[in-house]
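[1] No sequence on hand, only this structure:
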Ligand code: GUN
């Protein structure tokens, strides 16, 4: 078998066209464009790339977009004051604080301060709790992007065996909740898991989000599986690698995502969809 490639770049471009139309409908109804703010603390090079891409997406779909650049030396209290100001800013329907934050900043306290109705990253404990309780509100972007990709395969999630290699707060855990919500039987592996390969081999849907190139080998793939590679690692020459040995895995899988051009663009689409949803839920937004 040779897998079909799930082309996240092309699917994301199609989704952005739909989002652009939804924005036009808002404007036609006398409403404001959805407004997204991204808070970037310090000058981490990778964060700079991500933030610029998010701002470019916003321009493409007609969102109001703001990037707030804040010095790496900012005090916890000053950053918290910026969060409260964004919570109160009616031109901003959603915002996120790009991670990682400098070491002296308590990221959990920052996330906890974000108004859950504006938490378009879906990281706030309220939004994770809503997903856990089967009443999703604003959903974490990467897991939501993965669900949009799974949808494109036409695969029946109900009853499927899914394995998530990662139990992280921002990807593994909400990913497992999304899959559970979709009716999968979910296995989550983490650093204490005795046999990750065995958990992978039983998966109809295999999702890896570890950040270890080559971790997922060809003989870990169940024939006909959907393989979603969320890992992203930049080597010393600047080339990006996923967790999955793509060529070997593609021989067994039915569907597989490339890196780059798989999950990344869909994470950004999920951010746009969340911002649109946050805007649409504001009453009296003219
Ligand atoms: N850093 C890398 N990816 C993300 C993301 O999706 N959201 C935030 N806030 N920070 C990130």
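    That came through fine. For clarity, every value in this text was computed on a predicted model and none was experimentally measured. Residues are numbered from 1 along each chain as shown.
[2] Could you tell me whether residue 163 really is in a helix?
    No - applying DSSP: H, G, I helix; E, B strand; the rest coil, one finds residue 163 to be strand, outside a helix.
[3] give me the number of residues near residue 50?
    Residue 50 is surrounded by 17 other residues when neighbours are defined as other Cβ atoms under 10 Å. Backbone N, C-alpha and C define where each C-beta goes, glycine included.
[4] same question, residue 2
    Residue 2: 10 surrounding residues under other Cβ under 10 Å.
[5] Report whether the expected contact of it with residue 249 is present.
    No - counting by Cβ atoms under 8 Å, residue 2 does not reach residue 249; the two are 10.8 Å apart.
[6] Which residue, other than its chain neighbours, is closest to residue 31?
    Leaving aside its sequence neighbours, residue 31 sits nearest to residue 285 (Cβ to Cβ, 6 or more residues apart in numbering; 5.1 Å).
[7] can you check residue 159 too?
    Nearest-residue entry for residue 159: residue 183, 6.4 Å, with adjacent residues in sequence omitted and distances by Cβ to Cβ, 6+ apart.
[8] Hmm, that neighbour is touching residue 158, no?
    Yes - contact criterion Cβ under 8 Å: residue 183 and residue 158 qualify, at 3.4 Å.
[9] Could you check which of the two is surrounded by more residues?
    Neighbours were tallied for residue 183 and for residue 158 using other Cβ under 10 Å; the higher tally belongs to residue 183 (13 against 9).
[10] Could you measure from residue 189 over to the ligand?
    Note on residue 189: its distance to the ligand, by Cβ to the nearest ligand atom, to the nearest Å, is 21 Å.
[11] Now for that residue, how many residues are close by?
    Other residues within reach of residue 189 by the criterion other Cβ under 10 Å amount to 21.
[12] next one: the one 3 residues further on
    By the other Cβ under 10 Å criterion, the neighbourhood of residue 192 contains 6 residues.
[13] try the one 4 residues further on
    For residue 196, the count of nearby residues is 19 (other Cβ under 10 Å).
[14] Residue 282 now?
    Residue 282 is surrounded by 14 other residues when neighbours are defined as other Cβ under 10 Å.
[15] State the distance from it to the ligand.
    22 Å.
[16] how about the strands in this protein?
    Using DSSP state E, the strands of the chain run over residues 4-5, 35-41, 64-70, 94-97, 161-165, 185-189, 205-208, 226-229, 233-234, 240-241, 255-256.
[17] a markdown table for those strands, including mean pLDDT?
    Formatted as a markdown table, the entries for these read as follows, by pLDDT from 0 to 100:
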| stretch | mean pLDDT |
| --- | --- |
| strand 4-5 | 98 |
| strand 35-41 | 98 |
| strand 64-70 | 98 |
| strand 94-97 | 98 |
| strand 161-165 | 99 |
| strand 185-189 | 99 |
| strand 205-208 | 99 |
| strand 226-229 | 98 |
| strand 233-234 | 96 |
| strand 240-241 | 97 |
| strand 255-256 | 98 |
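[18] Leaving out chain neighbours, which residue sits closest to the residue of the chain most remote from its centre?
    The outermost residue of the chain relative to its centre, with distances by Cα atoms, centre = their mean, is residue 30 at 30.4 Å. The spatially closest residue to residue 30, leaving aside those adjacent along the chain, is residue 286, at 5.1 Å (Cβ to Cβ, 6+ apart).
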